[in-house]
Every structure is written in C-alpha cells, then in structure tokens.
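Participant: coordinates only, sequence not included:
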C-alpha cells in the first residue's frame, strides 16, 4: 500500500514535508543542532568573558557571519518547531501553557540559584546589605522577561564586568514570539493559512526594506531583538510551506553562500536571514549523529541557562590563569553537568506534568 507514495516521492525531489512525515513529524537532527548551537555560543563567550569584549573584535573577523548566524539560527529553528506544536494543539491556552511549562520552571530555578547562592558567595558586599539591596530583588524579574543583568557587588572586576547572565537578554524576544503567535492563534489568523502567510510576508518585506534603506538591522555584536523575532516567524513560514520547499543539499549550500555574502553587505542583514533559516531547517532535517552521553535528554536549554554565569564565575576566580580556550573547555564540562541536572530533575518532570492540565 505504501509503494505508490514512496515511488512518487522518489520520482521528484523530496520536500521538507516528506522528511517530516518519514520521521513522525520531527527532524532527526533538531536535537543535535540545538545542542551544537548552544555549545558554539559558549565557545564564543569564552573569548569575551575570559579576555574582555575589546580583546576580539568580531566585526573584523573573517568568520563574523558565522558568529552572527548563531542566535538567528536558534530562533529560526524554534519558529519551525513551535509552529508545528501550534498546528498540532490548535488551542491557544494549551499552546501558551506548554510554552510556560517548557521555559519558566527551569529559568526560575537558575535565576534563584544565581541570586541566592552564586551572588551571595562572590559579592563584595556584606550579606545583610546584599540581600536587602534593590538589585537583588529586581533580579527575580528575569523570570517574567523583565531583564536585569546585575546583582549587587557581583563580578564587578571581571573582564566582562557586572553581568551575571548575559544570555537572558534573548528571553524578551522569545517571549514576544510566543505572545505574538498566541495572539494570532487566539484571533484565528494563524488557522487561516493564507492570511497568516500574508501577514508574515508583509511585515518581512517592510523589515527588509527598512534595513536596505536605513540599515535597520545592522548588528553591533549580535543581531537585534527585532531580527530574532523576524527569524522565528521565517521559521514558522518554512514549516507551513514545508510541502512546497525542497529538501536539497545543493540548495542549502547555495543558501549558506548567499547568507554569507548578504551578511557582509550594509543593509543586507534582514534579507540574509531568509536563506539562513532555510539552512538551519535543512540541517535539522538531516540524520546527524548524536553525541554519546548527550543523547539522553534535551540539554540545550540548560546550557543556555547556566553557561554564562559559570563562565563568569571561572573568570572571577581564575583571571588570566589559563588561555580562553582552556577555560572555555572547563566551563563547557561544568555547564553540561548542570544542564543534565536541570533536564532530569526539573525540565523533564515538569514537562511530564503538562498533560495533567
């Protein structure tokens, strides 16, 4: 019974939708790509956190487009996956509940540990003053996306001073993505596919034109929150058009080259995100071997949460003791351990509870 559909696929180039169906709706390389992107960001941060941001000017680096791609690839992949979840759930309340269960509990634990344990250990202030300082209480607002990087008297003398967890800045655009998609689901625009695609295309065109005309998307050391939200919805668009988009290695290589060229052109950053999002989705659809011992859970979120404060702690206690790459390797090992604890003790048990609501 399955021979006719399979032969039809073989007679033409397979699409992203074909690959999704063959793997029960999940790209076989998604987990590995999320993990690889998380670790790559830690490697980049090893330079700035161990040596200081002036040590390495990414804009003068030949691989700057590669560095620039890391966060947009994360958001493009997230848009693709989250849209798949929204299509399956078809319920705004369940969608928002699922997003909350995935993000907030582990984040709340990390923020609390940073404020109560890490901050108390490394602060230069007396503990009584530390725990009553307004910055201490404000730090807990990170849980709801109101970002605060500083804790009183913490990491003030580091090469990258005063920032406890710089990764948290991406929480705001991530929350914006979920809220926007949730609003589009609630208004039923999301379920009217042509209308939803028209909305994305319209705002994408406006953003690209703003970038071309006024360098709206020109990055400093990382792309703006607006461009990250843009990448999320480009990933969403790719999912909804997956039946019409080919799964093709040559096309992915061409898209990567086009991205690299556009990323070097002033005013081309937003346009460059289009081929880049195809590249990350294509890679997520490939059968990429999983890393042994790191295939027992989704550790990428834990790496995102704990990588920055762990690297800052090493920079605090061992300033200039080792080259950045050695300190980076040590910090990655410690961070993976914490991410495993986060997954098996917090994230996975909490996700198991969501079906009860």
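Facilitator: Yep, it's here. Note that the structure is a prediction, hence the values are computed from the model and not measured. Numbering: from 1, shown residues only.
Participant: From now on I want contacts and neighbour counts done on CA atoms only, so please keep to that.
Facilitator: Noted.
Participant: does the nearest residue to residue 347 once chain neighbours are set aside sit in a helix, a strand or a coil?
Facilitator: Closest residue in space to residue 347, ignoring its immediate chain neighbours: residue 106 at 6.1 Å, by Cα to Cα, 6 or more residues apart in numbering. Classification of residue 106 by DSSP: H, G, I helix; E, B strand; the rest coil places it in helix.
Participant: quick one: pLDDT of residue 106?
Facilitator: You'll see residue 106 listed with a pLDDT of 97.
Participant: Give the buried residues for the strand or helix carrying residue 128.
Facilitator: Assessed by DSSP states H and E, residue 128 sits inside helix 127-132. Within helix 127-132, the residues scored as buried using 16 or more other Cα atoms under 10 Å are 130, 131.
Participant: how distant is that helix from the center of its chain?
Facilitator: 34 Å (Cα atoms, centre = their mean, to the nearest Å).
Participant: hmm, back to that, return the residues in contact with the residue nearest to residue 347.
Facilitator: 302, 342, 346, 347 (Cα atoms under 8 Å, 6 or more residues apart in numbering).
Participant: Toward the C-terminus, what is the element adjacent to the helix holding residue 128?
Facilitator: As the chain continues past helix 127-132, the following element, by DSSP H and E, is helix 134-138.
Participant: residues making contact with that following helix?
Facilitator: 115, 130, 131, 148, 150, 151, 152.
Participant: let's see it at 7 Å
Facilitator: Here helix 134-138 makes contact (Cα atoms under 7 Å, 6 or more residues apart in numbering) with 115, 130, 148, 150, 151, 152.
Participant: try stretch 214-225
Facilitator: Under Cα under 7 Å, 6+ apart, the answer for stretch 214-225 is 68, 173, 210, 211, 227, 266, 267, 269, 270.
Participant: Let's see that with 10 Å instead.
Facilitator: 53, 57-59, 64, 67-72, 169-174, 176, 207-212, 226-228, 230-231, 263, 265-271 (Cα atoms under 10 Å, 6 or more residues apart in numbering).
Participant: so residue 90 touches residue 189, yeah?
Facilitator: No: in this structure, residue 90 is not within contact of residue 189 by Cα atoms under 10 Å, at 11.9 Å.
Participant: Filter the contacts of helix 134-138 down to just the buried residues.
Facilitator: Buried members of the contacts of helix 134-138, counted by 16+ other Cα under 10 Å: 115, 130, 148, 150, 151, 152.
Participant: What residues does residue 265 make contact with?
Facilitator: By Cα under 10 Å, 6+ apart, the neighbours of residue 265 are 212, 218, 272.
Participant: quick one: the last one and residue 279 touch, right?
Facilitator: Looking back up the chat, that one is residue 272. No: using Cα under 10 Å, residue 272 is not in contact with residue 279, being 11.2 Å away.
Participant: tell me the SS of the spatially closest residue to residue 174 that is not a sequence neighbour?
Facilitator: Leaving aside its chain neighbours, residue 174 sits nearest to residue 229 (7.3 Å; criterion: Cα to Cα, 6+ apart). What three-state DSSP gives for residue 229 is helix.
Participant: Doesn't residue 291 belong to a helix?
Facilitator: No: counting by three-state DSSP, residue 291 falls outside a helix, being coil.
Participant: Relative to residue 298, how far out is it?
Facilitator: 12 Å (Cα to Cα, to the nearest Å).
Participant: now residue 45
Facilitator: According to Cα to Cα, residue 45 stands 21 Å off from residue 298.
Participant: So residue 291 and residue 298 - more neighbours on which side?
Facilitator: Neighbour count, other Cα atoms under 10 Å: between residue 291 and residue 298, residue 298 has more, with 20 against 11.
Participant: Hmm, residue 346 and the more buried one touching each other?
Facilitator: No: with contacts counted by Cα under 10 Å, residue 298 stays clear of residue 346, the gap being 11.9 Å.
Participant: Find residues that contact each of these two.
Facilitator: With Cα under 10 Å, 6+ apart as the test, residue 298 and residue 346 both reach 339, 340.
Participant: need the contact list for residue 287.
Facilitator: Per Cα under 10 Å, 6+ apart, neighbours of residue 287: 27, 28, 29, 30, 32.
Participant: Those residues in helices, which ones?
Facilitator: 30, 32 (DSSP state H).
Participant: so what secondary structure elements neighbour the helix or strand hosting residue 277?
Facilitator: Assigned by DSSP H and E, residue 277 belongs to helix 269-285. Packed against helix 269-285, as judged by 3 or more Cα pairs under 10 Å, 6 or more residues apart in numbering; DSSP states H and E, are the following elements: helix 16-22, helix 30-51, helix 64-89, helix 193-214, helix 225-240, helix 249-263.
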